[in-house]
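**Student:** Dropping the sequence and predicted coords here.
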Amino acid sequence: MMKQRLNQLPLHTYDTWSSMIANNLFQQSVWKQAKTIGITISVGKEINTRTIIERAWLEGKNVAVPQTKWKSREMRFRLFSDYDQLEKVKFDLYEPKESLTSCIDHEEIDLLIVPGLCFDENGYRLGYGGGFYDRFLANFNSYTISLAFPFQYLRWLPRDKYDLQIHMLITPTKVIKYE
Ligand SMILES: Nc1ncnc2c1ncn2[C@@H]1O[C@H](COP(=O)(O)OP(=O)(O)OP(=O)(O)O)[C@@H](O)[C@H]1O
Ligand SMILES: [Mg+2]
């Protein structure tokens with residue numbers, strides 16, 4: 001249902017909301033202080049992360065994107081500085097080219113932008129079902145922020161024992177800190 005709502009989002013609303021969310025993110029002190037951010041390349045009607053990546057580069061931050069290991073459902077983050085250093089893998093997903101990017105340790109990431117389909121009032125998240133982020137977050141101690149359009153913010157989501165909370169949720173009009 002949420003994927004369908006995303007698909008139906010008119011382009012002008014998508015653009016307006018994406019830039020409001022990005023501007024809210026840029027105001028946060030964790031953003032300002034972060035030297036290295038982890039983020040994904042947005043696909044379809046996912047909140048546009050390209051403007052966020054470009055702003056990070058402009059501010060002199062390092063930007064890392066995940067490389068996924070499908071068999072073990074693990075991710076490694078690799079630094080990139082140009083979209084040419086990425087290649088299309090599956091489902092329109094872009095990943096770093098191994099020869100042109102360098103792997104970083106998860107401890108080097110100061111701020112991780114965690115993707116998801118919807119989020120609840122307790123900071124729980126419904127992802128795309130791979131468990132990649134839940135596995136990664138289990139060993140991650142830095143700050144996590146998710147970005148959501150208003151309809152992706154719900155009162156309550158079912159959760160299982162592996163689901164982990166994020167620290168902050170940013171919508172076009174709200175910044176929610178879970179602590
Ligand atoms: N830390 C973990 N260790 C082992 N299995 C895990 C872990 N985290 C998640 N899983 C398993 O992975 C599968 C997918 O998890 P889930 O449905 O929560 O995915 P998701 O949260 O939508 O995906 P993602 O985390 O990539 O956004 C589930 O069977 C879940 O139990
Ligand atoms: Mg999960």
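**Tutor:** Okay, I see it. Ligands and ions are numbered 1, 2, ... in the order given.

**Student:** Please make it C-alpha for all contacts and neighbour counts, starting now.
**Tutor:** Noted.

**Student:** if I look at the most far-flung residue of the chain relative to its centre, how far off is Ser81?
**Tutor:** Relative to the centre of the chain, the most outlying C-alpha is that of Ser99, 23.8 Å out, by Cα atoms, centre = their mean. Using Cα to Cα, to the nearest Å, one gets 13 Å for the distance from Ser99 to Ser81.

**Student:** The spatially closest residue to Asn62 that is not a sequence neighbour: what's it in contact with?
**Tutor:** With sequence-adjacent residues excluded and distances taken as Cα to Cα, 6 or more residues apart in numbering, Asn62 is closest to Thr36, at 4.5 Å. Shown in contact with Thr36 (Cα atoms under 8 Å, 6 or more residues apart in numbering): Lys61, Asn62, Val63, Ala64, Glu108, Ile109, Asp110, Leu111.

**Student:** In helices only, show me the residues you listed.
**Tutor:** When these are checked against helices (DSSP state H), there are no matches.

**Student:** Output those as a markdown table; include the columns neighbour count and pLDDT.
**Tutor:** Conversion of these to a markdown table gives the following (neighbours: other Cα atoms under 10 Å; pLDDT from 0 to 100):
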| residue | neighbour count | pLDDT |
| --- | --- | --- |
| Lys61 | 19 | 98 |
| Asn62 | 19 | 98 |
| Val63 | 23 | 98 |
| Ala64 | 26 | 98 |
| Glu108 | 15 | 98 |
| Ile109 | 22 | 98 |
| Asp110 | 18 | 97 |
| Leu111 | 20 | 98 |
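
**Student:** Having no further points to raise, I will conclude here.
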